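Trainee: Whatever this is, show me its structure:
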Amino acid sequence: METARKCRLACLSVVVSMMCSCSSPRPYDPSISGSGGAAGAPGFGGGMIGTGKAMGGFAGTGAAGGSVSEGAGGFGGMGPGTGGVAATGGAGLGGIGPGGNPGTAGSLGQTCSNQSDCPGLCSGCSHGVCVSVVNAEDPDSCAGTCDASGTCKSKQGQTCQTGSGCVAGTTCAPDGYCCNSACLNSCQACDIPGFLGVCTPVASGPPHGNRVQCAGAGSTCGGVCADKPDGSCAYPAADVTCGVARACSASTTSGGGTCTGTGQCVSSPSMSCPNGCDATGTGCLSCGGGAVACNGLCCAAGQSCCGGSCVDATSNPKMCGSSCQVCPVPDRAIALCTNSKCETSCVGGAPKCTDGTCARLSWTFDSMDLDGITVTGGAPTIRSLDGNPALAVDTTSLATISLTVPICRTSSVDLSTKTVSFRAYFDGTPYYSPNPGQFALDASDPMTSSGAGYLGVESVGQGAWIPYSSALSLSTSSQTTAAVTLRAFSWGAQFSGTVWIDDILVQ
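Mentor: Residues are numbered from 1 along each chain as shown. Modelled structure (predicted):
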């Protein structure tokens, strides 16, 4: 025991000597790093040094030595005292006296024989003492790196979850990686394989991590990442359709929309369709070049929409022109549609009268129609003789049968180059008184009292078809002919029977 006390005194002498030599040039200043606190009253150590690395102060008689944050604890008092406490430094010496106890050592600065003796992040065993690892790797305790203060930090390219954040010069990006920049734009990332820790544009898909999502994400018009150098979102073009499908019904369109190019969808307004809906039922029908719209289709040039169908309106007399007109059929004419306009053509190529109507130049009675012929001197009917329809005029006492044949109904026509012809058949019983009777045929244009239109007479017999023909140029009025008069008559005898007339022609 005496030996131990002598050792403590010897140590105390050495330390006192050291402190005196260090403090002799200037008065004691407890604020200077590295200086111990002054001796305290009996029972207390000298003052603590918050940031010093020297020894704590001396205690009074039989008390505890001073404490420091780093470095060795202070000496105990002159008696059975306790050495000072160091937070992370070496142990203090016990008091100089019977029963003096050593102080308590911190985790750093304690003695060690291997790495496991130095627990905690960024600590290692060096020369038998636990020391801080600074500006270096500590794979046994720190998955990242130890910084200048001995704190474990994540390195660039690592997740930000290691230790106390990212190493100086890097930032924890929104995707959770320590990055070379803040990397905040939506389509930038620091977690791209091959580029971990480097702020890089995202080639495709949505933004990474906690970054702001692209406008309209997940919709037709929504943005996505597309490897843009500035890390901004890419959006569909402004002509991309979106929203409810466009439809056309009852000549009105509704629904549909287009993207704005900024992630939004703008609905198209409803609109009326002057030409109706198109064949697809999605939009208005548009017919260019003057074409006519018809039941969802555009009629070709020269067609009109008639009854819901495109028809030829240039030459169809039943649906002529844009109004689908049914061309009228004037008397003795054929209806025509020429260049979408109604016209007429005369039957048999007959000329037109001065009022634009058609002249009639043929009566064969096959249609069983008198067509304006008037008869005097007998009772006219149309019936068949030997299977051939003809005009039959029945008489009980033949004198003169006259037929007025209307070439033009209300005007006239020039027939100066034409010839009138017909045939007759006297079918009956003649009376002889006192000589056999005579029968004759003649024509006039028209018959006048002066005979100016007389065309000649033809004596005929009975019991057979007898032809008659005469040039209309014999009449002085052939250029303004409206009608011709045909006659069948007898003289010198009476006749009872039927006079047949057929094939009246002007040619």
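
Trainee: neighbours of V499, just the number please.
Mentor: 28 (other CB atoms under 10 Å). For the C-beta atoms, the positions are set from N, CA and C on the backbone; glycine is no exception.

Trainee: Can you tell me the SS state at it?
Mentor: strand (DSSP: H, G, I helix; E, B strand; the rest coil).

Trainee: which residues does it contact?
Mentor: For V499, the contact set (CB atoms under 8 Å, 6 or more residues apart in numbering) comprises G378, A392, V393, T395, L398, I401, A424, Y425, F426, D427, G428, A488.

Trainee: And these, which is closest to D175?
Mentor: A392 (114.7 Å; CB to CB).

Trainee: Let me see the contact set for the closest one.
Mentor: So A392 contacts P380, T381, I382, R383, L385, T498, V499, W500 (CB under 8 Å, 6+ apart).

Trainee: any idea how far it lies from C122?
Mentor: 141 Å (CB to CB, to the nearest Å).

Trainee: What of L385?
Mentor: Applying CB to CB to L385 and C122 gives a distance of 140 Å.

Trainee: more neighbours, the two?
Mentor: It is C122, of L385 and C122, that has more neighbours when counted by other CB under 10 Å, with 24 against 15.

Trainee: rewinding a little: what's the closest of the contacts of A392 to S268?
Mentor: I382 (72.1 Å).

Trainee: The closest one sits in which helix or strand?
Mentor: Using DSSP states H and E, I382 sits within strand 379-385.

Trainee: Name the residues of stretch 381-396 that are buried.
Mentor: Judged by neighbour count using 16 or more other CB atoms under 10 Å, the buried positions of stretch 381-396 are P389, A390, L391, A392, V393, T395.

Trainee: swap in stretch 115-133?
Mentor: For stretch 115-133, using 16+ other CB under 10 Å, the buried residues are C118, L121, C122, S123, G124, C125, V129, C130, V131, S132, V133.

Trainee: The first one touches C125, doesn't it?
Mentor: The one in question is C118. Yes: between C118 and C125 there is a contact under CB atoms under 8 Å: 5.0 Å.

Trainee: any common contacting residues for those two?
Mentor: What both C118 and C125 touch, as defined by CB under 8 Å, 6+ apart, is the set C112, V131.

Trainee: Let me know how buried A293 is, in neighbour terms.
Mentor: Neighbours of A293 (other CB under 10 Å): 20.

Trainee: close enough to count as contact, it and N275?
Mentor: Yes: taking CB under 8 Å as the definition, A293 is a contact partner of N275 at 3.5 Å.

Trainee: Between the two, which contacts overlap?
Mentor: With CB under 8 Å, 6+ apart, A293 and N275 have common neighbours L285, C287.

Trainee: hmm, back to that, mind putting the contacts of A392 into TSV with pLDDT and distance to G222?
Mentor: Formatted as TSV, those follow (pLDDT from 0 to 100; distance: CB to CB, whole Å):
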residue	pLDDT	distance to G222
P380	94	93
T381	95	92
I382	95	88
R383	94	92
L385	92	95
T498	91	100
V499	92	101
W500	94	97
